[in-house]
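[1] okay, predicted coordinates and the sequence, questions at the end:
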Amino acid sequence: MSSSKVMKMPEYKLHYFNGRGAAEPARILFALADVEYEDVRYEMEDWPAKKPEMPLQALPVLEIDGKMMTQSQAIARYLAREYGFNGTDNMETFRIDEIHEAIVELQRELYKLHYEKDEDKKKEINQSLVDTIIPKFMNFFERRITENHRSGGYFVGDGITLADVLVYNITYNMEQKLKLSLDKWPKTAAVCKKVASHPKVSAWLKKRPQSEF
Ligand SMILES: N[C@@H](CCC(=O)N[C@@H](CS)C(=O)NCC(=O)O)C(=O)O
């Protein structure tokens with residue numbers, strides 16, 4: 001029996017501040033999937049008035065046909081599942097989740113530097129990031145790409161998944177903020193280059209607003 005039901009593309013609005021921040025993986029996934037959405041950006045001075053309207057009084061929020069959905073990692077996973085960037089079997093999804101959780105851990109360490117006000121403590125945190133924490137995660141990323149024997153040099157399978165997007169995104173931020181060089185991690189550098197040069201992503205990167213964070 002054929003169904004006459006026509007699937008309508010959801011109406012998406014991504015609410016966030018005027019920065020890449022915790023919303024950028026979702027924006028890159030929208031670009032990769034070539035899916036339209038409204039990129040709603042709040043200026044800090046307008047935020048106090050908007051804050052009470054958000055389910056957890058925080059951003060990002062992905063509005064899907066009027067439903068206000070929160071949590072940046074859940075949003076990224078939802079879009080990755082919806083548009084085919086979350087692996088093709090349980091093991092592939094496990095591998096993507098493993099990278100995802102590692103990124104959440106690394107991001108938590110980077111926030112420590114961002115939020116520290118004391119200059120001496122900031123220097124200490126920076127040193128430990130550069131000497132120990134960042135290499136630990138970057139070595140892990142490099143190893144995981146090496147272990148994937150499928151062609152293409154991606155984290156999982158033979159194409160871009162959420163894992164590649166997240167590593168590209170955090171690496172870009174570390175290059176910008178910490179002047180991180182990727183020389184020691186050529187496979188990770190190559191993944192980042194592939195994500196950035198994907199035609200849909202590169203079009204987004206060219207047009208996205210320049211922002212501090
Ligand atoms: N676990 C949440 C954290 C959300 C969050 O703390 N968002 C920050 C911006 S990245 C925010 O809305 N800050 C403004 C505020 O709390 O008033 C997520 O990942 O989405």
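    Noted; the coordinates are in hand.

[2] so residue 56 sits in a helix?
    No: applying DSSP: H, G, I helix; E, B strand; the rest coil, one finds residue 56 to be coil, outside a helix.

[3] and it, how far is that from residue 156?
    Using CB to CB, to the nearest Å, one obtains 30 Å as the distance from residue 56 to residue 156. Where you see a C-beta, it was placed from the backbone N, CA and C, and this is true even at glycine.

[4] between these two, which is the more surrounded one?
    Set residue 56 next to residue 156 and count neighbours by other CB atoms under 10 Å: residue 156 wins out with 26 against 10.

[5] tell me the secondary structure for the more buried one?
    Three-state assignment for residue 156 (three-state DSSP): coil.

[6] so residue 182 sits against residue 192, correct?
    Yes: applying CB atoms under 8 Å as the test, residue 182 and residue 192 come out as touching, 7.0 Å apart.

[7] looking at these two, which one has more neighbours?
    Ranked by neighbour count (other CB under 10 Å), residue 182 and residue 192 place residue 192 first, with 21 against 18.

[8] element containing the residue nearest the centre of the chain, please.
    The centroid of the chain falls nearest to residue 25 when counting by CA atoms, centre = their mean (2.9 Å). Residue 25 is located in helix 24-33, with elements delineated by DSSP states H and E.

[9] helices or strands next to that helix in the packing?
    Using 3 or more CB pairs under 8 Å, 6 or more residues apart in numbering; DSSP states H and E as the contact test, the elements touching helix 24-33 are strand 12-17, helix 72-82, helix 162-178, helix 199-207.

[10] how big is the angle separating it from helix 199-207?
    Relative orientation of helix 24-33 versus helix 199-207 (axes from the mean of the first three to the mean of the last three CA atoms, to 10 degrees): 130 degrees.

[11] show me what the very next helix or strand once past helix 24-33 is packed against.
    Per DSSP H and E, helix 24-33 leads on to strand 38-42 as the next helix or strand towards the C-terminus. Strand 38-42 makes packing contacts with strand 12-17 when contacts are defined by 3+ CB pairs under 8 Å, 6+ apart.

[12] and residue 6, what helix or strand is that in?
    Taking DSSP H and E as the definition, residue 6 sits outside all helices and strands.

[13] number of residues surrounding the nearest residue to residue 63 once chain neighbours are set aside?
    Distances taken as CB to CB, 6 or more residues apart in numbering place residue 13 nearest to residue 63, at 4.0 Å, with adjacent residues excluded. Other residues near residue 13 number 15, with proximity taken as other CB under 10 Å.

[14] quick one: pLDDT of residue 13?
    With respect to pLDDT, residue 13 scores 98.

[15] confirm for me that it is in contact with residue 41.
    No: with contacts defined as CB under 8 Å, residue 13 does not count as touching residue 41, sitting 11.0 Å away.

[16] pull the contacting residues for the residue lying closest to residue 195 once chain neighbours are set aside.
    Nearest non-adjacent residue to residue 195, counting by CB to CB, 6+ apart: residue 168, 3.9 Å away. Residue 168 sits next to 28, 191-192, 195-196 when contact means CB atoms under 8 Å, 6 or more residues apart in numbering.

[17] common neighbours of residue 182 and residue 192, please.
    Common neighbours of residue 182 and residue 192, counting by CB under 8 Å, 6+ apart, are residue 171.

[18] with that, I have no additional questions.
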